[in-house]
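> prediction below, plus the sequence it came from.
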Amino acid sequence: MLYVDKPKPDIFVDDTALNVVDKFCYLRSVLSQNAEINDDITRRIGAASAAFRRLETRLWKERGVRLSTKVAVYKAVVITTLLYGCESWITYQRHICNLDQFHMRCLRRIARITWQDKIPNTEVLQRCEISGIEEFIIKAQLRWVGHVRRMSDSRIPKATF
């Protein structure tokens, strides 16, 4: 079957034509024409990485701070930045792998575990007393579904769902 590009619509607001684009950033999330989240995940990893780096000298390298405190700050600052908007994501295994690689890299840095130590990811998660990234995403999505279920039927999210 031959696919033909559809003509781009003309949208006007107060006699001003709006540009039609393939993707744009709205509320710090990247929305694309084809609803893929690759760009959004790349942006989220970049933002979370910047947040992680800002805490490097003040917290992660500090020896007088307990690991549990570091992990609590990591969850509050880095994980929330990383997973902002994940309630609406349709994730594939490649997305989970990318997010999990970043997650494990951060946890190993916080716990001072190098690759030479040959410690598996499962043990890193146990030491830090934290779950894998997929569990965070599933919990957020289930929490959002609970909110939508309790909405009145006239609300747009409920009607869409």
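Sure thing, it's come through.
> residue boundaries of the strands in this structure?
12-13, 16-17, 23-26, 29-32 (DSSP state E).
> and residue 37, what does it touch?
30, 89, 90, 91, 95 (CB atoms under 8 Å, 6 or more residues apart in numbering). To be clear about C-beta, it is placed using only N, CA and C from the backbone, and glycine gets the same treatment.
> for the nearest residue to residue 9 once chain neighbours are set aside, give its distance to residue 8.
Spatial nearest neighbour of residue 9, excluding adjacent residues (CB to CB, 6 or more residues apart in numbering): residue 20 at 6.5 Å. According to CB to CB, to the nearest Å, residue 20 and residue 8 sit 4 Å apart.
> re the thing from before, pretty sure the residue nearest to residue 9 sits against residue 12.
No - Residue 20 lies out of contact with residue 12 (CB atoms under 8 Å); the separation is 11.7 Å.
> ok, those two, which is more surrounded?
residue 20 (11 against 8; other CB atoms under 10 Å).
> center of the chain - which residue?
Centroid check for the chain by CA atoms, centre = their mean gives residue 83 as the closest residue, at 2.7 Å.
> tell me the contacts of the closest residue to that residue other than its chain neighbours?
Leaving aside its sequence neighbours, residue 83 sits nearest to residue 136 (CB to CB, 6+ apart; 5.8 Å). Contact analysis of residue 136 by CB under 8 Å, 6+ apart lists 79, 83, 86.
> got CSV for the residues you listed, with distance to residue 102 and pLDDT too?
Formatted as CSV, the contacts of residue 136 follow (distance: CB to CB, whole Å; pLDDT from 0 to 100):
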residue, distance to residue 102, pLDDT
79, 10, 98
83, 11, 96
86, 13, 91
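> what's the closest of the residues you listed to residue 49?
Among the contacts of residue 136, residue 79 lies closest to residue 49 (CB to CB), at 12.5 Å.
> so who does the closest one touch?
Listed by CB under 8 Å, 6+ apart, the contact set of residue 79 reads 48, 103, 136.
> now tabulate those in a markdown table and tack on distance to residue 60 and pLDDT.
Shown next, in a markdown table, are those (distance: CB to CB, whole Å; pLDDT from 0 to 100):
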| residue | distance to residue 60 | pLDDT |
| --- | --- | --- |
| 48 | 14 | 97 |
| 103 | 14 | 98 |
| 136 | 20 | 97 |
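> picking up where we left off before, of the contacts of residue 37 - the most surrounded one?
Busiest of the contacts of residue 37 [other CB under 10 Å] is residue 95, holding 20 neighbours.
> check contacts around that one.
Neighbouring residues of residue 95 by CB under 8 Å, 6+ apart: 37, 38, 41, 89.
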